[in-house]
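Engineer: curious how this folds, go ahead:
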Amino acid sequence: MGVDFESLTEATSGAVGALLSTTILYPLDTCKTKYQAEARSHGQQKYRKLSDVLWEAISNGQVLSLYQGIGTKNLQSFISQFVYFYSYSYFKRLYVGTAGTKSIGTSANLVLAAAAGACTAVVTQPLDTASSRMQTSAFGKSKGLVETLSKGTWIQAFDGLGISLLLTSNPAIQYTVFDQLKNKLLKGQSSNKIGTETSPEALSAFSAFLLGAVSKSIATCLTYPAIRCKVMIQAADPDEKAAKDAKPKPPKTISGTLYAIWKREGLLGFFKGLHAQILKTVLASALLLMIKEKITKTTWVLMLALRRSLLLTRSRLKSS
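Structural biologist: Below you'll find the predicted structure:
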C-alpha cells in the first residue's frame, strides 16, 4: 500500500499550524484554563475576571509561569492535529472513492470529522490530561510531563476521555462549517498545476482567518458546557498538601461534575469563561487554519519532491 501523500500534506501543514498558533497564544490559554477550572464555593471566587489570572502572575513575579506546560501542550497540539488532519483527509478520500462522488454532504462530513476526532482523542488523551494539570497547578509549582503522569494510574491519565469523545463534535462542526464555506468561496477558481499534478486549492490568509474564526465560534458556543466540564475533570487538585494526606478521591465523572457546577454556580456556571474560550480558541483556530492554508502548497510541493525521490531511489535499487 502506497503512502497517501495528500493526507500527509494536510496532516503536516495542520500540525505545523497548530504548533505555531499554540505557542503564540499559550499565555492566554493558561489564563483561560485556570479561570475555567475554578469552581465557586460559598459565593467566593479567586478569579472574577480573566485578567485576574494574569494579574496574579504579574504581582507574584511568576510571569514565566504563564508558559508552564508549554512543551507538553505543543507536543499534544502537534500530534493531535497531525492525527486529526491525516485521519480527516484519509476518511474523506476513502468516502469519495467508495461512494463514487466528487462532493461530500454536510451529514457525511460531520460523521467523517467526528471519526477523525475520536481517533485523535484516544491517541492524545494522556498528553491532554497532563497539559491541563500543569496549566491549572499553582504558578511556579507545575511538574514535568513524566512526574505529572506518574502521580496517578494510567486510568487517571485518561481522565476526561469520555467527554473528549463527546467533544469530537466540536472540531466536526468547526471543520464541516469551514469546508462548506471554503468550497463555496473557491467554487469556480482554477487549480494550479505542476507537471501532471494538481496542487490543493488554498484560501487567502485573510479569508482563511475569517472562515476559521466564524466556524470555531459556532462550534464553541454549541459545545461549551462540555468544554468547561472537561477542564474541571482534568484540573490539578487546588490543595496538593491536603490531597497527599487525604484518602484517594473517587474519579470525577461527567454527571458529578455537571451537578457540582449546577449546585454551586447555577445555569450560568455552565457558561463561565465562554468569552475567554471564544477569544482563545477562535484566535488559535483562525491562526492555525490561516497558517495551514498558506503552507499547504509549499508542503505539497515538498511531499511531491519526496515522492519522486522515493520512486527514483526504488527504481535505482531495482535496476541494480
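Engineer: when you work out contacts or count neighbours from here on, use the C-alpha atoms and nothing else.
Structural biologist: Fine.
Engineer: going by contacts, tell me the helices and strands next to the helix of greatest length in the chain.
Structural biologist: For the chain, the helix with the greatest residue count under DSSP state H is helix 274-319. Applying 3 or more CA pairs under 8 Å, 6 or more residues apart in numbering; DSSP states H and E, one finds that helix 274-319 makes contact with helix 5-24, helix 26-37, helix 205-234.
Engineer: and these as CSV, adding mean pLDDT?
Structural biologist: Putting the helices and strands packed on helix 274-319 into CSV (pLDDT from 0 to 100) gives the following:
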stretch, mean pLDDT
helix 5-24, 80
helix 26-37, 90
helix 205-234, 86
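Engineer: among the ones you listed, which comes closest to Tyr90?
Structural biologist: helix 5-24 (5.7 Å; CA to CA).
Engineer: make JSON lines out of the helices and strands packed on helix 274-319 and add mean neighbour count and distance to Gly105.
Structural biologist: Output for these, formatted as JSON lines (neighbours: other CA atoms under 10 Å; distance: least, CA to CA, whole Å):
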{"stretch": "helix 5-24", "mean neighbour count": "23", "distance to Gly105": "20"}
{"stretch": "helix 26-37", "mean neighbour count": "24", "distance to Gly105": "34"}
{"stretch": "helix 205-234", "mean neighbour count": "21", "distance to Gly105": "17"}
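Engineer: same question for the longest helix of the chain, mean pLDDT?
Structural biologist: For helix 274-319, mean pLDDT is 80.
Engineer: pull the distance from that helix to the chain's centre.
Structural biologist: Remark: helix 274-319 is offset 17 Å from the chain centroid, using CA atoms, centre = their mean, to the nearest Å.
Engineer: can you give me the angle it makes with helix 5-24?
Structural biologist: 140 degrees (axes from the mean of the first three to the mean of the last three CA atoms, to 10 degrees).
Engineer: quick one, which of the helices and strands packed on helix 274-319 is nearest to Lys49?
Structural biologist: The nearest among those, by CA to CA, is helix 26-37 at 7.8 Å.
Engineer: what residues does the helix or strand that the closest one is followed by touch?
Structural biologist: Where DSSP states H and E defines the elements, the next helix or strand beyond helix 26-37 is helix 50-59. For helix 50-59, the external contacting residues (CA atoms under 8 Å, 6 or more residues apart in numbering) are Cys31, Lys32, Lys34, Tyr35, Tyr47, Val63, Ser65, Leu66, Phe139, Gly273, Ala276.
Engineer: buried residues, helix 50-59. List them.
Structural biologist: For helix 50-59, burial by neighbour count (16 or more other CA atoms under 10 Å) applies to Leu50, Val53, Leu54, Ala57.
Engineer: do stretch 97-114 as well
Structural biologist: Those would be Ile104, Asn109, Leu110, Val111, Leu112, Ala113, Ala114, for stretch 97-114 by 16+ other CA under 10 Å.
Engineer: next one: stretch 59-73
Structural biologist: Val63, Ser65, Leu66, Tyr67, Gln68, Gly69, Ile70, Thr72, Lys73.
Engineer: so which of those is the closest to Glu10?
Structural biologist: Closest to Glu10, out of all of these and judged by CA to CA, is Lys73, at 20.7 Å.
Engineer: my read: the closest one touches Asp128, true?
Structural biologist: Yes - Lys73 is within contact range of Asp128, at 7.3 Å (criterion: CA atoms under 8 Å).
Engineer: how many neighbours does Leu203 have?
Structural biologist: 18 (other CA atoms under 10 Å).
Engineer: where does it land on pLDDT?
Structural biologist: pLDDT at Leu203 comes out at 75.
Engineer: helix or strand: which one has it?
Structural biologist: With DSSP H and E as criterion, Leu203 is part of no helix or strand.
Engineer: cool, and Phe91?
Structural biologist: helix 70-99.
Engineer: in that helix, what's buried?
Structural biologist: In helix 70-99, counting by 16+ other CA under 10 Å, buried: 70, 72-93, 95.
Engineer: and the next element down the chain from it?
Structural biologist: Following helix 70-99 in sequence, per DSSP H and E, is helix 106-136.
Engineer: now that next one: how far from the chain's centre is it?
Structural biologist: 7 Å.
Engineer: flag every buried residue along whichever helix or strand comes after it.
Structural biologist: The helix or strand immediately downstream of helix 106-136 is helix 145-150, counting by DSSP H and E. Of all the residues in helix 145-150, those buried under the rule 16+ other CA under 10 Å are Leu145, Thr148, Leu149.
Engineer: and the residues you listed, which is closest to Leu211?
Structural biologist: For these, the nearest to Leu211 is Leu145 (34.4 Å; CA to CA).
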